[in-house]
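Novice: Return atomic coordinates for the entry below.
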Amino acid sequence: MQISIDFGKCCGAGQCVLAAPDVFDQRDEDGIVVLLDDNPPADQAENVAQAAAVCPAAVIQVKQ
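Specialist: As a prediction, the model looks like this:
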């Protein structure tokens with residue numbers, strides 16, 4: 001799976017971090033998402049899909 005993020009549209013809600021903390025983090029200064037792994041292992045697929053689904057700004061794109 002490949003993950004891409006539109007960082008310019010991120011609102012810093014942090015829902016992605018709650019759903020997939022091994023894949024996403026947030027910058028301390030403004031809460032914008034940090035992608036820890038743009039090609040995470042298959043065992044993270046469900047968490048990443050959940051993170052994309054709950055993102056209020058819809059900035060996470062996942063390609064299988």
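Novice: alpha carbons only for contacts and neighbour counts from here, please
Specialist: OK.
Novice: So what touches the lengthiest helix in the chain?
Specialist: Secondary structure of the chain per DSSP state H: the longest helix is helix 45-54. Contact partners of helix 45-54, identified using Cα atoms under 8 Å, 6 or more residues apart in numbering, comprise 1, 15-20, 23, 58-62.
Novice: Let me know the secondary structure of the residue of the chain positioned farthest from its centre.
Specialist: Ranked by distance from the centre of the chain (Cα atoms, centre = their mean), the top residue is residue 29, with 17.5 Å. At residue 29 the chain is in coil, as set by DSSP: H, G, I helix; E, B strand; the rest coil.
Novice: For it, give me the pLDDT.
Specialist: Per-residue confidence for residue 29 comes out at a pLDDT of 96.
Novice: now it: how far from residue 46?
Specialist: Per Cα to Cα, to the nearest Å, residue 29 is found 29 Å from residue 46.
Novice: likewise residue 55?
Specialist: According to Cα to Cα, residue 55 stands 14 Å off from residue 46.
Novice: Over to residue 9?
Specialist: Residue 9 is 23 Å from residue 46, by Cα to Cα.
Novice: now residue 5
Specialist: Look at residue 5 and residue 46: by Cα to Cα, they are 17 Å apart.
Novice: Give me the more crowded residue out of those two.
Specialist: Counting neighbours by other Cα atoms under 10 Å for residue 5 and for residue 46 shows that residue 5 has the greater number, 17 against 11.
Novice: and the more buried one, what does it touch?
Specialist: Residue 5 sits in contact with 35, 59, 60, 61, where contact means Cα under 8 Å, 6+ apart.
Novice: Need phi/psi at the third one.
Specialist: Recorded main-chain torsions at residue 60 are phi -100, psi 120, according to degrees, to the nearest 10.
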